[in-house]
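Based on what follows, work out the 3D shape:
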Amino acid sequence: MTRSPQHARRSVASGPRGLLLALAALVASALPDVACALPLFARTESAPCARCHLAGPVLNAAGERFMANGYRATAVAAHRADGAQPLPVSIVLEAGAMYARGDTVGAGGASGPHTTGAFRQHALYLHAAGTAGVNVSFRIQAGLDSAMSAVHTTSAFVQFDDVVRDGALAIKVGVFDAGLPFLSAARRSTRREYLAPVELAAQGVELNGAHSAWGYAIGQMNSSRAGVGSNGHGFNRLEDTYLRVTRTLGGQVVGGRLLFDRQDSDIAFHAWLQHLQAQVAGRFGTDRLWVVPAYTLDRFDDRPAAGNHQRHQYVLLEALALLGARRDWSLAARLEHEHTTAVGPAPREDRDLAALRLERVVTPDARVALEWSRVAVTAGVPRESRVDALVQLAY
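Next comes the predicted model:
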């Protein structure tokens, strides 16, 4: 038995296992990410959001360097040496309305259209990130659900920076996104989620760094296997390995990521690798228009039956344009195609996604957006078109 090709956020057992593991234990799967540019860094660094962001949550090259360097800019690293800076915190509130129209699918296939409309209020989200000393950085993202009854976190890690000087090596421990920095589900420019597994929700340990125009990382993350083992779903099951590398070329960035994912095998002797994921992507553009193409291959053994190899292939093209003299308008578009091979009794399947979002920055801490998106299966069902209207406030 194998699990979904895309790593989901992982729920883990609670209990005191040291500070870092206690932070990691907070991760939950019920709360969607809030994608936004956090004003906490604009306050702590006394810099405009545009220094690190293209638009909304989307980072530019300077923002990616700032994040990789432990939320430290070269010019301000010295004045934090005493560790006496206030805790940088942001609070985000998002609300909106959604209208969707799609097909209702019964046992015999399509059984007619359906429509759904709803007012959505995503309750308070709290983000804390920054430095806790000269060479220690951290990030915690938590929020209350819409009923204000439970607290969830989607990110909780500590990073020990400059293990090798000048950013050549850092050690990260906790729960974090280990995907390519410019292709991130948490920093996507649309509300509609990706078809492609661009997010790698790691719970474990990562060695990362940068040298010259290269960025690199290698990590060990908890497996979510359900098979035999003394620890089950708990901690200390660091079985999955990933590698990541990026290269900057004249302001453009290319990168790749490999995931060696153990999973549960239907073959007794086939225990090391059940899921291999390979991804290549790039970010190309100017100061007003950026394009991100990406290709991902997911290869699964024993799916849908022992001895078979199922492949998912994803092609993605994302574009972001800044509009207006003040660049306070942005237009984001994304096209995706997923192809799943036919293996044994399982037929081939194709899915397509299109999304278009227009956003206005009213003030640095307030924005409104309108988004249209559509998901369809090549055979015709199921399919869904959706319109989202959003208002986001941040402090």
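
Please make it C-alpha for all contacts and neighbour counts, starting now.
Noted.

Show me where the stretch 251-395 of the chain has its strands.
Applying DSSP state E, counting those that start in this stretch to the stretch 251-395 of the chain gives strands spanning 252-261, 275-285, 289-301, 309-323, 329-340, 349-363, 366-377, 383-394.

and the fifth one, what does it pack onto?
For strand 329-340, the helices and strands in contact under the criterion 3 or more CA pairs under 8 Å, 6 or more residues apart in numbering; DSSP states H and E are strand 309-323, strand 349-363.

okay if I get those strands as JSON lines plus distance to residue 273?
JSON lines is the format used below for the helices and strands packed on strand 329-340 (distance: least, CA to CA, whole Å):
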{"stretch": "strand 309-323", "distance to residue 273": "12"}
{"stretch": "strand 349-363", "distance to residue 273": "24"}
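
closest to residue 175 out of these?
Of all those, strand 309-323 sits nearest to residue 175, with 25.5 Å by CA to CA.

And the helices in the stretch 51-200 of the chain?
61-68 (DSSP state H, counting those that start in this stretch).

Where does pLDDT dip in it?
Within the stretch 51-200 of the chain, the stretches with pLDDT under 70 are 73-87, 104-112, 120-124, 144-152.

Would you tell me which of the helices and strands packed on strand 329-340 gets closest to residue 301?
Among those, strand 309-323 sits nearest to residue 301 (CA to CA), with 4.6 Å.

Quick check: neighbours of that closest one in the sheet, parallel or antiparallel?
Next to strand 309-323 in the sheet, as set by DSSP bridges, lie strand 289-301 (antiparallel), strand 329-340 (antiparallel).

Give me the mean pLDDT for it.
Taken as a whole, strand 309-323 has an average pLDDT of 93.

what does it contact?
If you take CA atoms under 8 Å, 6 or more residues apart in numbering as the criterion, strand 309-323 is touched by 55, 189, 195-196, 288-304, 328-343.

can you do 6 Å?
By CA atoms under 6 Å, 6 or more residues apart in numbering, the surrounding residues in contact with strand 309-323 are 196, 288-301, 303, 329-341.

Find the nearest non-adjacent residue to residue 291, please.
Leaving aside its sequence neighbours, residue 291 sits nearest to residue 319 (CA to CA, 6 or more residues apart in numbering; 4.4 Å).

Closest to the centroid, which residue in this structure?
Residue closest to the average C-alpha location in the chain (CA atoms, centre = their mean): residue 185, at 3.1 Å.

Switch the strands of the stretch 251-395 of the chain over to JSON lines; also include mean neighbour count.
Formatted as JSON lines, these follow (neighbours: other CA atoms under 10 Å):
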{"stretch": "strand 252-261", "mean neighbour count": "20"}
{"stretch": "strand 275-285", "mean neighbour count": "19"}
{"stretch": "strand 289-301", "mean neighbour count": "20"}
{"stretch": "strand 309-323", "mean neighbour count": "19"}
{"stretch": "strand 329-340", "mean neighbour count": "20"}
{"stretch": "strand 349-363", "mean neighbour count": "18"}
{"stretch": "strand 366-377", "mean neighbour count": "19"}
{"stretch": "strand 383-394", "mean neighbour count": "19"}
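
hey, least reliable of the ones you listed by pLDDT?
The weakest mean pLDDT among the strands of the stretch 251-395 of the chain belongs to strand 383-394, with a mean of 88.

Any chance you could list what contacts that strand?
91-103, 365-376.

Direction included, what does the one helix or strand residue 203 maps to pair against?
Using DSSP states H and E, residue 203 sits within strand 201-211. Partners of strand 201-211 in the sheet, by DSSP bridges, are strand 169-177 (antiparallel), strand 214-222 (antiparallel).
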